[in-house]
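> next input, structure requested:
(3 chains)
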Amino acid sequence: MRETGPLVHNITNFVAMNVMANVQLAIGASPAMVHAREEVAEFAGLAGALTVNIGTADPDWGAAMETAATVMRDAGRPWVLDPVGVAATRFRQDLCDRLLDLGPSVVRGNASEIRTLAGLAGSARGVDAGDSVEAAEEAARALSSRTGGVIAVSGETDFVTDGTRAAHVRNGHPLMSRITVMGCSLNGVIGAFCVDQPVFEATAAALAAYGVAGEAAGRTATGPGSFQVAFLDALHHLSPEDLDRDARIEGPA
Amino acid sequence: MRETGPLVHNITNFVAMNVMANVQLAIGASPAMVHAREEVAEFAGLAGALTVNIGTADPDWGAAMETAATVMRDAGRPWVLDPVGVAATRFRQDLCDRLLDLGPSVVRGNASEIRTLAGLAGSARGVDAGDSVEAAEEAARALSSRTGGVIAVSGETDFVTDGTRAAHVRNGHPLMSRITVMGCSLNGVIGAFCVDQPVFEATAAALAAYGVAGEAAGRTATGPGSFQVAFLDALHHLSPEDLDRDARIEGPA
Amino acid sequence: MRETGPLVHNITNFVAMNVMANVQLAIGASPAMVHAREEVAEFAGLAGALTVNIGTADPDWGAAMETAATVMRDAGRPWVLDPVGVAATRFRQDLCDRLLDLGPSVVRGNASEIRTLAGLAGSARGVDAGDSVEAAEEAARALSSRTGGVIAVSGETDFVTDGTRAAHVRNGHPLMSRITVMGCSLNGVIGAFCVDQPVFEATAAALAAYGVAGEAAGRTATGPGSFQVAFLDALHHLSPEDLDRDARIEGPA
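Sure, this is the predicted structure:
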């Protein structure tokens, strides 16, 4: 990826934009944030992957997401959905319902978000999960059978499935949950990893890479401020060899 | 607060969103940025407190602010107004006028903003204060009698009043004025502190906590970049004992 | 500038807002981000300079840019255009076409952006340049004859021309291209430098100052995370003496 620098089109929330762009640059991708309805289809046509995040969406942004996702689906290129806080409001549920119909290559969320998308009651509060990853594994399999794509549940141990295969990823650091948009930015990494790669394997590798960089950052950070700085440095220096050595992926099974 | 992790709903400006979210996470709150008119009332119904900041508002965002503030007022839950740059334009003055009618629990601004809201001429320029905190104390009392709530004036020494009682808070560091959205993010801390707490005392404590963390950051920072990093780490590690020891609150009187 | 603290009005993209504000504060300017059509003309009337960046524009934001630029043009005050990703979509090209008609004091972009504005084919991909600065020098001269203003092409060596004079600026550090919105934020520095100063000289000085701070940051940074922190600290400490000693400006010729 550091050689090809794939262009990734992101329609994400206002909180995440800057961090997600820096995270994508740190792994060697070329990020662009584009949402205007007048240009979103044309831009998606140029991109190797699309990431969509509903965190601060409104109806105009929602329409742009649907347009761009349709372009990617029709072109057979990957797109990733992050259903931020979907349990909180009817507006988010309706928007996600329309986006799920467009067959996202990957849906990544926390346990409460994935449970909500699968139609299960959960104990979300705002944008934070109130459920364990374990309690969302069956929901992830069910959701995969709806979308035909990969579902990833983020948490202390991540779970990823394509409906048939499944894997657990045991990388990461506790401070990652004390910094905003770490999950949102992870979707940017998944999108970049999926360009011209098999989606299930790319998603698991992205989860592991993110977690390995988090572990490296956690070895020097003294709080969430210094963690963010060290995390971006660690992602920038992460090599395929580091990833092979430190990734703790169990499965697929 | 680190145990209950109160959900705080923020409708804030684009510049502040990421930093405010990280500041709220660092003190143990659970932030969410939600502004779409289609969901803002439903989301406010879930939140322990609301913060509103007009820094980059437009008429749609202004309407969302009024809707969410109405929900909080009717539910008897706290909401905090930050009248960024209100002296600069008629649009900001009209929007603040409507928001003040909804009885914000706390209005926090710099001296020029508070003077403008109280109908006094000031010497603001853009979003920066041109007046001293001292010159805004009477304006703060007058504004409090309009809103029925607490007014806080930020500056080298902060002033806080509920119209009857008043206190000065003498914590902080000069670099805090050389970094953007430090005032905006402070409103996020005030909102979180006010959840289920008496508003005057919570506001004074929030001002002190923010300033104490700033002093800690100032002991190691070598400029505004390293200050931001150290500040977030300091907020994350700030304990009730630190706050009791280092807070310099004079009053209430 | 550190004494006068000029007010700079920015209509920039969501990704850049926070960093640009901090960069402008670090050099002593007073930044404000204001875009609502209901107030943008009134606010521009207060500002010493305006910066416009189309990175995440939509038609409403585009209209606000035209309104504010018209105020600055009519008042004879400087305004700076950053044509982010203009090669990517027709919407961006049309918007830039209207903005160029308003005579920006400075247009700063990467080589592919400047070539596109001059009507030449380029090899942009997304928002990144695919062309060398050298390959855009003639385009810059041609574009200057259209706008009547200064054109700056950013890259490993920057090129700046007012159509008659030209200079190369050889400051900077490779990590600057691995961090998002470094170019966008540079426009904020150019805008601030242009307040009450001759535009060509101010632009060259801004490019050099930015690069000198980058070199200082590069001496201690170990990746893009620590670079950003060190860069803001370096800008904050940059003195006129540092700039005189370390600027590598060749020309004007």
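> who in chain A is up against chain C?
Applying C-beta under 8 Å from any C-beta of the partner chain, one finds that chain A approaches chain C through A:5, A:7, A:9, A:14, A:17-18, A:21-22, A:25-26, A:30-39, A:42-43, A:46-47, A:228-234, A:236-237. No exception for glycine: its C-beta is placed from N, CA and C like everyone else's.
> out of those residues, list just those in strands.
Secondary structure from DSSP state E places A:7, A:9, A:30-33 of these in strands.
> for those residues, which one is nearest chain B?
A:Met33 (12.2 Å; C-beta to the nearest C-beta).
> how far away is the closest one from A:Met72?
Taking C-beta to C-beta, to the nearest Å as the measure, A:Met33 falls 16 Å from A:Met72.
> more crowded one of these two?
A:Met33 (27 against 24; other C-beta atoms under 10 Å in any protein chain shown).
> tell me the contacts of the spatially most distant residue from the centre of chain A?
Of all residues in chain A, A:Thr222 has its C-alpha farthest from the mean position, at 26.2 Å, by C-alpha atoms, centre = their mean. By C-beta atoms under 8 Å, 6 or more residues apart in numbering or on different chains, the contact set of A:Thr222 is B:Asp233.
> contact partners of stretch A:163-170?
With contacts defined as C-beta under 8 Å, 6+ apart, stretch A:163-170 is touched by A:137, A:141, A:144-145, A:148, A:157-161, A:200, A:204, A:207-208, A:211, A:247-253.
> mind checking which of these are buried?
The neighbour count (16 or more other C-beta atoms under 10 Å in any protein chain shown) marks A:137, A:141, A:144, A:157-161, A:200, A:204, A:207-208, A:211, A:247, A:249 as buried among the contacts of stretch A:163-170.
> among the residues you listed, name the ones in strands.
A:158-161, A:249.
> of these, list those near chain B.
Within these, nothing lies near chain B by C-beta under 8 Å from any C-beta.
> can I get the residues you listed in TSV with pLDDT and distance to B:Val107?
Shown next, in TSV, are those (pLDDT from 0 to 100; distance: C-beta to C-beta, whole Å):
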residue	pLDDT	distance to B:Val107
A:Asp158	97	43
A:Phe159	98	46
A:Val160	98	47
A:Thr161	98	50
A:Ile249	97	52
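> which of those sits closest to chain B?
The closest of those, once distances to chain B are taken by C-beta to the nearest C-beta, is A:Asp158, at 20.3 Å.
> where in the stretch 51-200 of chain A is pLDDT low?
Where the stretch 51-200 of chain A drops to pLDDT under 70, the residues are A:122-126.
> how about it: which residue is closest to chain C?
The stretch 51-200 of chain A approaches chain C most closely through A:Asp60 (8.0 Å), counting by C-beta to the nearest C-beta.
> so that residue is in contact with A:Arg37, correct?
Yes - here A:Asp60 reaches A:Arg37: they are 6.6 Å apart, a contact under C-beta atoms under 8 Å.
> intersection of neighbour lists for these two?
Counting by C-beta under 8 Å, 6+ apart, A:Asp60 and A:Arg37 have no common neighbour.
> buried set for stretch A:190-207?
A:190-195, A:197, A:199-207.
> just give me the closest of the residues you listed to A:Gly103.
Taking C-beta to C-beta as the measure, A:Gly103 sits nearest to A:Val199 out of those, at 11.5 Å.
> using CSV, write out every CA atom in stretch A:230-244.
Extracted C-alpha coordinates of stretch A:230-244, given in CSV (Å, rounded to 0.1, in the frame of the first residue of the first chain):
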residue,chain,number,x,y,z
ALA,A,230,2.6,8.1,19.6
PHE,A,231,-0.2,6.2,17.8
LEU,A,232,0.2,8.2,14.6
ASP,A,233,4.0,7.7,14.8
ALA,A,234,3.6,4.0,15.3
LEU,A,235,1.2,3.6,12.4
HIS,A,236,3.7,5.5,10.2
HIS,A,237,6.5,3.1,11.1
LEU,A,238,4.4,-0.1,11.1
SER,A,239,6.0,-2.6,8.7
PRO,A,240,4.6,-5.8,7.3
GLU,A,241,7.2,-7.6,9.4
ASP,A,242,5.9,-6.0,12.6
LEU,A,243,2.3,-6.9,11.7
ASP,A,244,3.3,-10.6,11.0
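> would you mark the buried spots in that stretch?
For stretch A:230-244, burial by neighbour count (16+ other C-beta under 10 Å) applies to A:230-236, A:238.
> return the subset of those residues lying in helices.
Under the assignment DSSP state H, the buried residues of stretch A:230-244 contribute A:230-236 to helices.
> just give me the neighbour total for A:Met17.
With other C-beta under 10 Å as criterion, A:Met17 counts 34.
> for it, what are its contacts?
Shown in contact with A:Met17 (C-beta under 8 Å, 6+ apart): A:10, A:33, C:14-15.
> again, only this time at 10 Å
A:Met17 makes contact with A:10-11, A:31, A:33, A:35, A:53, A:56, A:181, A:184-185, A:188, B:14, B:17-18, C:13-18, C:55-56, C:180-181, according to C-beta atoms under 10 Å, 6 or more residues apart in numbering or on different chains.
> do the same with A:Glu156
So A:Glu156 contacts A:132-133, A:170, A:172, A:174, A:176-177 (C-beta under 10 Å, 6+ apart).
> rewinding a little: can you redo the ones in helices among the buried residues of stretch A:230-244 as CSV with distance to B:Asp97 and pLDDT?
Below are these laid out as CSV (distance: C-beta to C-beta, whole Å; pLDDT from 0 to 100):
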residue, distance to B:Asp97, pLDDT
A:Ala230, 46, 98
A:Phe231, 44, 98
A:Leu232, 43, 98
A:Asp233, 47, 98
A:Ala234, 49, 98
A:Leu235, 47, 98
A:His236, 48, 98
